[in-house]
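K.L.:
I would like the atomic coordinates for the input below:
(one chain, ligands or ions: 3)
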Amino acid sequence: MKCRTCGQKAVVNMRQHKLALCKDHYLEWIPEQTERFIEKYNMFTREEQILVAVSGGKDSLSLWDILQRLGYQADGLYICLGIDEGLKYSSESQRLVWKFAAEHGLKLHIVDIQKEYGATIPQIALKSHRGRVKPCSVCGLVKRHAMNRIARDLGYDVLATGHNLDDEAAVLFGNTLTWSGEYLLRQGPLLSGAPGLARKVKPLCRIYEREMLAYALLRGIEYIYDECPFSIGSTSIYYKQILNKLESDRPGAKQSFYLSFLDARKSGLFAEREEIQAELHPCPNCGQSTSAPGLCSFCRMMSR
Ligand code: Q46
Ligand code: ZN
Ligand code: ZN
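P.N.:
Ligands and ions are numbered 1, 2, ... in the order given. Model (predicted):
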C-alpha cells in the first residue's frame, strides 16, 4: 500500500475514506481534517480562548496537540477524579497530562475534586447513591459542572473535548435505541452556550477512534493506555463493539450513521421538539443554567 500523496510506503490505510498515507502525510492530514471540521461547524476562531478538557487519554491529548499546532489559543483543564485504587488511574493520567503540558510549554489548570468538594468521585457515588449505582453518573455530572465553572470563572470562550466518531456514534446508538428526544436534540459537534454554561465543541467528532490512536502513536504522544476501571463492562463499550462489527462488514457505516443523523436533524427531524424544549433558568446555588426545577442536578446531588 502506497501513500496517496507521495507514493512512499503507507502506514495507515483508511478503508472508509479509500485513503492510505505515509507517516508524515498522515500527521499533516489529521490536523487538516480537524481544521475543516472546526470551520464547518463554526466551533471557534483563532481570536478565542479555548479550554481543552484533557483526561490523559489519546484523544484529548492529541486534540490539545493538534490545536496548538494549528495556532489556536488552547489551555488545558485536568480534573482529578480520585480514582486511584489498584491501577492508580487518576495519579498516572495526571502525571502524563502534566508532562505533556510541560514539554509543550502549555498552560494547564488542575481541579482536584477531593480538595474542592471534600470527597473523591467513588466516595461521592457511595454517599449520594449508597453505592447502588456505578460512579459514572456522578462522575459525568461532577465533570460537567467543574468544566463549566472553570470555563466561566476564568473567562474562556469555549470548552473543547476529545470525543471521537466512535464515541459519538455509540452515544447516538444508545439514544436511538430508546429514542431519547431530549438527548438527540442536543447531541452534536457544537452545543451553544447559555448563562453560566460554556459553548461546547467536539473537534474530533468525525475522526475514527483508530485514526486517533494512529495519530497519538505516530506523533509519539505518551498517554494513559488503561481505561478508567469503572468503564469495564459499560454499555458504551458494548455499543462500540456492535458498531465495530457493522463497520468491518461495511466500511464507512459508523460515519454515515452519525453524519446522516446530523443531516436529518438539520432538515427538521426534531423541529417540533425544539419548540417545546424546556426553558432554562439559572440554578439558585451555582448560577449554571438548568432545566431542572429549582437546584441544578449537580447541586441537588451535592446537597444529599
Ligand atoms: S472516568 Fe468517570 Fe468515565 Fe471512569 S468513572 Fe465512569 S465516567 S468510566 S469517561
Ligand atoms: Zn506520503
Ligand atoms: Zn447548581
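K.L.:
drop to CA atoms for contacts and neighbour counts, all remaining ones
P.N.:
Noted.
K.L.:
Now for the protein, the helix or strand with the poorest mean pLDDT.
P.N.:
Lowest on mean pLDDT, DSSP states H and E among the helices and strands of the chain sits helix 271-275, with a mean of 71.
K.L.:
in its sheet, what does the next helix or strand after it sit against?
P.N.:
Next along the chain after helix 271-275, taking DSSP states H and E as the criterion, comes strand 281-282. Paired neighbours of strand 281-282 in the sheet (DSSP bridges): strand 289-290 (antiparallel).
K.L.:
For the partner strand, give me every contacting residue.
P.N.:
194-197, 280-283, 296 (Cα atoms under 8 Å, 6 or more residues apart in numbering).
K.L.:
from the middle of its chain, how far away would stretch 85-98 be?
P.N.:
Remark: stretch 85-98 is offset 18 Å from the chain centroid, using Cα atoms, centre = their mean, to the nearest Å.
K.L.:
Numbering from 98 from now on, please.
P.N.:
Okay, residue one is now 98; in that scheme the one you just asked about reads as stretch 182-195.
K.L.:
May I have that stretch as CSV, with CA atoms only?
P.N.:
Output of stretch 182-195 as CSV, limited to C-alpha atoms (Å, rounded to 0.1, in the frame of the first residue of the first chain):
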residue,chain,number,x,y,z
GLU,A,182,-7.5,2.1,43.9
GLY,A,183,-5.4,-0.6,42.3
LEU,A,184,-4.4,0.9,38.9
LYS,A,185,-3.6,4.5,40.2
TYR,A,186,-5.6,5.6,37.2
SER,A,187,-6.0,9.3,38.3
SER,A,188,-2.4,9.8,39.5
GLU,A,189,-1.0,8.3,36.4
SER,A,190,-3.2,10.2,34.0
GLN,A,191,-2.4,13.5,35.9
ARG,A,192,1.3,12.8,35.6
LEU,A,193,1.0,12.3,31.8
VAL,A,194,-1.1,15.4,31.3
TRP,A,195,1.3,17.5,33.4
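K.L.:
which other residues reach it?
P.N.:
Counting by Cα under 8 Å, 6+ apart, residues outside stretch 182-195 touching it are 151-154, 158, 175, 177-181, 205, 319-321, 323-326.
K.L.:
Out of the residues you listed, list just those in helices.
P.N.:
residue 158 (DSSP state H).
K.L.:
List buried residues within the contacts of stretch 182-195.
P.N.:
Neighbour-count burial (16 or more other Cα atoms under 10 Å) is assigned, among these, to 151-154, 158, 175, 177-181, 205, 319-321, 325.
K.L.:
Residue 333: which of those residues is nearest?
P.N.:
residue 325 (13.1 Å; Cα to Cα).
K.L.:
State the distance from that closest one to residue 180.
P.N.:
Distance of residue 325 to residue 180, given as Cα to Cα, to the nearest Å: 8 Å.
K.L.:
Please apply the same query to residue 120.
P.N.:
With Cα to Cα as the criterion, residue 120 and residue 180 are 35 Å apart.
K.L.:
Just the element for the residue of the stretch 198-347 of the chain at minimum distance from ligand 2, please.
P.N.:
In the stretch 198-347 of the chain, the residue that lies nearest ligand 2 is residue 315 (13.5 Å; Cα to the ion). Using DSSP H and E, residue 315 sits within helix 306-316.
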